[in-house]
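With the input below, show me the fold.
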Amino acid sequence: MKIIFKIARAELRTLFYSPIAWVILVTFFVVTGVFFVTPLMNMARAQEVQLANSPSWTGFQGPLTLSMFSVTLENAMSYLYLFIPLLTMGTISREVNSGSMNLLSSSPIRIREIIAGKYLGLMLFGLVLMSSIALLLLTGYFSIVNAELKWYMSIMLGFWLLSSTYLAIGLFISCLTNYQIMAGIATFVVFFLLSIMGTVWQQYDFVRDITWFLSIDGRVKSMTMGLITTKDVFYFLLIIALFLGLSMIKLKTRQESAKWTVPFSRSIAWVVLILTIGYFSSRPGYIGYLDVTRDQRNTIDSATRAVLKELDGSPLTVTLFTNLFGGNFPIGLPEARNNYVWGVWDKYVRFYPNIKLQYEYYYDTEKGDSTAYLGYKNKTLHQIAKSKVRMYKIDINDFKKPEEIRKIIDFGDEPLRMLMLLEYKGKKEFLRTYSASDPWPTQPNVSGTIRRLTREKVPNITFITGHYERSPWRNGEREFGSHTNSKLEKPALINLGVNTDTVSLLHSEIPDSTDLLVVADPRSALLQGEQQKILEYLNKGGNAIFYAEPGKQQMLNPILNQLAVNIDSGILVSPRKHREGEIFNGIMTRAGNYMAAEGMMQLYQRFGKIGASASFSGSSTVSFLEKNGFTIEPIVSVAGNKNTWIEKGIFVSDSAAPIFAASEGDLKKEEYVLAVKMSRKINDREQRIVVSGDADFMSLDQKNGMSIGTGLYSWLMNNEYPVYTKVRLPTDKMLTIGRTAGKMIWYVYVYIIPGLLLALGAIIIIRRMRK
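Residues are numbered from 1 along each chain as shown. Alright, predicted model coming up:
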């Protein structure tokens, strides 16, 4: 060890006596400092102004750690890429050209001691270089409120491993040539090859895994986000070991007179060993994870993990079906597989390793769809497919023909786009992909699909039909299909594990499997028999939601009056210059915001922020009495004012503005209730009912309930569906410093520290030259 330390000290001394090393050190401090302290100074100034104008201001959107350091860290990585070859290009060649390598080789010093000493010296200088990043992180830690020390340490670990890896590569390249310029250029080339390795030969299975392992691109990113994995740590350690081992083999050949096949076979054996270890250390299911962030932002939600625990350890097979003529097919091709494996499923495999990923490729079109034939006159589908695969440089033989894929799977009424089929203990369910801008399913989508596999029964919502009600099957502006049965919408109930269907009470009974009955704005009166069936369902304790509309109160009041609830006559109006008088922002009450865990509801529950709301376009008000054991609470309301009232007369939206006339029955209140929730104990269970004076707010035209979303349905399904994830708000949203301190820090990092380093370097080099 003494020999190693002596060689390391000599190497470190050589570096500190080198003008290039000092130029690199000063330049690195300047560029990283500028990219950090400039936004820090600007944000400190902005915060001071905000607090002066609004003392109750709660901070930036945040998190400040990301917004402050993201550009700094990206630039720091690129400058390491640039500077380290200049540091390492003469490490070995300098010794060879000066003759000192011959002296070292003839001494009792072993090759591994030479390499270890040289590398240790480089690493020590690398630590000095990394002190710039450490100093910035330390400044950020004391300048940002609620900064996370563990997260900053993870960033530091990532940069230290990256710099150590670059140094090992540069050391090896220096062993290959006696020309320093050639060594520097070759090091750049190797860095470039490692950065693009994850994008080449991705269409070949085994090669894909090897090149993906060798790729250095993005390895530090997870650590800068606060997630440390054994996959990334092993990668850096193995690459370091690979190039240090190759350096030893190369230097050893200088002492031997063996044939070229001997060092070549040693090198191949060493490379194969490293690649084998790397291949198995990066396989899904064999990776350790440490999320050091305060709110576990890199980890799936606890609710999602609870759903995964419903699986009993049996294999969960996920087959990705990619249609050459379907939506999103490029991201399903073999060349994009690693992005799919690590980007989509790795976070779930972390908690349930027995997920098996399989792949099927095919080409087919939906019945009556001729889009694929456009531009291909007089060609068959197979010929068109062959033309298309040539553009993507893939083999047509990898794709099953329409008749072949239909023998394997029946897609039923599923769109022939990219789909995932989940299989578990003999049960099968589709997990869908969505629009190209954000194609992959969210955690609630995955949880809902898994629950279809693990539970004997999933919720069934039944919509009453036969009186021109809002339909869960149609996607028009007034319809409800976009938030119920639309397979292309992530928040739709069908994609959250909930089934929705319709029934006509003229001909059928309410199905026994019904968990929630929906009566959505009937336009004609329900017959006595239909009303009786609904009342019988309610008397048995069934959950229900009633959507009413102004002018059609008489359609639902015969039923609701039995529950001591009434849809009041008239329409709520508030004439304004630039907006229709019947449109209101219906804000949920405290009781409403505690019904479910939609994003805005969570913010209200946890932080007291403004809760959920929706656009109510033409609404009746709801009045009630607490009878029949019901507890009734308003869940959506509008505050009263002098310009708001219930218009009892004839109201035409696009006509002259209405005028309040008490003589005609117009009514003003302090608060207008637009929706209520009802609950009572019946048959040893809690019955839940929602009554709304408006149906439009849940339509496609009004954005499917906006921030209320599926919250009403969630409460009516006893909050078991959807499987919500927790909203994570950043806590590092403010700075501890002001404008003056920010400006002082800017001068320190941009002028004082680089100036001191420059002076120190000049003194050391001048003294060395004098000696």
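
how is the chain carved up into domains?
Domain assignment for the chain by automatic domain parsing gives 2-292+738-770, 302-454, 460-716.

So, low pLDDT: which residues of this protein?
Residues of the chain meeting the criterion pLDDT under 70: 97-108, 257-258, 654, 771.

Just give me the longest helix of it.
helix 19-53 (DSSP state H).

State the next helix or strand along the chain beyond it.
On the C-terminal side of helix 19-53, the closest following helix or strand by DSSP states H and E is helix 64-88.

Who are the packing partners of that following helix?
If you count contacts as 3 or more Cβ pairs under 8 Å, 6 or more residues apart in numbering; DSSP states H and E, helix 64-88 packs onto helix 19-53, helix 111-143, helix 149-176, helix 180-196. No exception for glycine: its C-beta is placed from N, CA and C like everyone else's.

most neighbours per residue, which of these?
helix 149-176 (a mean of 23; mean count of other Cβ atoms under 10 Å).

and stretch 185-195, how far from the chain's centre?
The chain centre lies 31 Å from the centre of stretch 185-195; the measure is Cα atoms, centre = their mean, to the nearest Å.

show me the contacts for residue 233.
Neighbouring residues of residue 233 by Cβ atoms under 8 Å, 6 or more residues apart in numbering: residue 161.

For the stretch 451-600 of the chain, just list every one of the strands.
460-465, 499-504, 516-520, 544-547, 565-567, 571-573, 583-588 (DSSP state E, counting those that start in this stretch).

in stretch 452-468, what counts as buried?
Of the residues in stretch 452-468, 452-454, 458-467 count as buried by neighbour count, 16 or more other Cβ atoms under 10 Å.

which one is residue 58 nearest to, not counting chain neighbours?
Nearest non-adjacent residue to residue 58, counting by Cβ to Cβ, 6 or more residues apart in numbering: residue 733, 6.9 Å away.

ditto for residue 163
Looking at residue 163 with Cβ to Cβ, 6+ apart, the closest residue is residue 126, at 4.5 Å.

Contacts only, for that neighbour.
Neighbour list for residue 126: 160, 163-164, 167 [criterion: Cβ under 8 Å, 6+ apart].

Make TSV from those and add distance to residue 536 to it.
Shown next, in TSV, are those (distance: Cβ to Cβ, whole Å):
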residue	distance to residue 536
160	71
163	74
164	74
167	79
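
is it true that residue 123 touches residue 161?
No: the criterion here is Cβ atoms under 8 Å, and residue 123 misses it with residue 161 at 11.0 Å.

The stretch 301-450 of the chain: strands as residue ranges?
So, for the stretch 301-450 of the chain - with DSSP E, counting those that start in this stretch - the strands run 316-323, 355-362, 419-424, 427-432.

just so I know, which of the helices and strands packed on helix 64-88 lies nearest residue 558?
For residue 558, the closest of these is helix 19-53, at 55.8 Å, according to Cβ to Cβ.

what distance separates the closest one from the centre of its chain?
Computed by Cα atoms, centre = their mean, the chain-centroid distance of helix 19-53 equals 29 Å.

other SSEs contacting it?
helix 64-88, helix 111-143, helix 739-747, helix 753-770.

Which neighbouring elements make contact with the last one?
Using 3+ Cβ pairs under 8 Å, 6+ apart as the contact test, the elements touching helix 753-770 are helix 19-53.

circling back: helix 64-88 and the longest helix of the chain, what's the angle between them?
170 degrees (axes from the mean of the first three to the mean of the last three Cα atoms, to 10 degrees).

Okay, angle between helix 19-53 and helix 753-770 too, please.
Using the same axes, to 10 degrees: helix 19-53 against helix 753-770 is 170 degrees.

Which single strand of the protein contains the most residues?
strand 671-682 (DSSP state E).

Can you list the strands that that one pairs with?
strand 631-639 (antiparallel), strand 685-692 (antiparallel) (DSSP bridges).

for the shortest one, which positions count as buried?
Looking back up the chat, that one is strand 685-692. Those would be 687-692, for strand 685-692 by 16+ other Cβ under 10 Å.

Could you do the first one as well?
When burial is assessed from 16+ other Cβ under 10 Å, strand 631-639 yields the following buried residues: 632-638.

and after that strand, which helix or strand comes next?
Next along the chain after strand 631-639, taking DSSP H and E as the criterion, comes strand 645-647.

again with the last one
The C-terminal neighbour of strand 685-692 among helices and strands, as given by DSSP H and E, is helix 711-716.

send the alpha carbons of that next one over as PDB?
Provided in PDB are the C-alpha atoms of helix 711-716 (Å, rounded to 0.1, in the frame of the first residue of the first chain):
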ATOM      1  CA  GLY A 711     -64.600  11.800  -7.000                       C
ATOM      2  CA  LEU A 712     -68.400  11.400  -6.700                       C
ATOM      3  CA  TYR A 713     -68.200   7.900  -8.100                       C
ATOM      4  CA  SER A 714     -65.400   7.100  -5.800                       C
ATOM      5  CA  TRP A 715     -67.400   8.000  -2.700                       C
ATOM      6  CA  LEU A 716     -70.400   6.100  -4.000                       C
END
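
Pull the distance from that helix to the chain's centre.
Chain-centre distance of helix 711-716: 25 Å, with Cα atoms, centre = their mean.

Same check on stretch 592-607?
That offset, for stretch 592-607, works out to 21 Å (Cα atoms, centre = their mean).
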